[in-house]
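K.L.:
any chance you can model this:
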Amino acid sequence: MGIYGDRVLPRLVDWTCGSPGMERWRAAAIEGLHGDVVEIGFGSGLNVAVYPADVTQVWAVEPSERAREIARRRLASSPVPVEQVGLDGQHLPLPDDSCDGALSTFTLCTIPDPMLALAELRRVLRPGAKVHVLEHGAAPDESVARWQQRIEPLQKRFAGGCHLTRDAPAMLADAGFVDVELTSRYVRGPKPWCWFTFGTATNP
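P.N.:
Have a look, this model is predicted:
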């Protein structure tokens with residue numbers, strides 16, 4: 001992975017995704033989570049501070065050792081037990097129908113095969129359970145979309161494979177989730193990076 005990917009990028013992601021104002025969007029996406037939850041792309045634990053009281057266990061999936069190290073100080077004060085259970089959201093080491101909820105924040109943009117990851121979430125979620133998401137992705141405005149397409153090759157190179165043009169609502173529907181209840185909007189910041197989608201989709 002190299003020094004940049006191993007040492008620098010996890011801290012950069014922690015800084016950008018933990019910037020002032022981001023907690024508001026995380027809280028909106030996470031609202032309603034309960035019980036045993038699998039979180040893919042756990043990262044540096046930025047969601048720990050906003051887990052609802054009804055969450056009883058988090059199964060964390062995160063490939064970056066450096067991100068997991070950064071998360072330790074947040075985990076030390078977490079009221080919710082968090083256990084690292086895997087490195088790859090595309091292959092979850094959890095039984096079928098074992099989770100009451102799932103969480104993905106700024107993960108579907110980066111994971112190599114997001115459809116495989118969503119299929120895995122469907123497998124481990126109980127029927128009727130919800131996946132909660134907060135993602136950035138393809139903007140609806142033509143001018144912004146063109147910039148996203150231009151920037152994406154560099155974005156992938158310097159942001160650990162992060163795409164700007166993935167369509168989270170379409171991916172959730174294509175993966176077979178139902179009752180897709182999402183809000184998409186621009187948030188404050190440069191538009192190519194700031195078309196956010198948050199909400200839930202249900203495992204049938």
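
K.L.:
now find how far off-centre the lengthiest helix in the chain is within its chain.
P.N.:
Secondary structure assigned by DSSP state H gives helix 142-158 as the longest helix of the chain. Remark: helix 142-158 is offset 20 Å from the chain centroid, using C-alpha atoms, centre = their mean, to the nearest Å.

K.L.:
tell me what whichever helix or strand comes after that helix is packed against?
P.N.:
Downstream of helix 142-158, the next assigned helix or strand under DSSP states H and E is helix 168-174. Judged by 3 or more C-beta pairs under 8 Å, 6 or more residues apart in numbering; DSSP states H and E, helix 168-174 is in contact with helix 114-124, strand 125-136, strand 178-186, strand 195-202. For the C-beta atoms, the positions are set from N, CA and C on the backbone; glycine is no exception.

K.L.:
let's see it at 6 Å
P.N.:
Counting contacts by 3 or more C-beta pairs under 6 Å, 6 or more residues apart in numbering; DSSP states H and E, helix 168-174 packs against strand 178-186.

K.L.:
strand partners (parallel or antiparallel) of the strand it packs on?
P.N.:
strand 195-202 (antiparallel) (DSSP bridges).

K.L.:
between the strand it pairs with and strand 125-136, how big is the angle?
P.N.:
For strand 195-202 against strand 125-136, the angle by axes from the mean of the first three to the mean of the last three C-alpha atoms, to 10 degrees is 170 degrees.

K.L.:
what mean pLDDT does strand 195-202 have?
P.N.:
Strand 195-202 carries an average pLDDT of 98.

K.L.:
could you do stretch 75-85 as well?
P.N.:
95.

K.L.:
contacts for it?
P.N.:
45, 48, 51, 55, 57-60, 93 (C-beta atoms under 6 Å, 6 or more residues apart in numbering).
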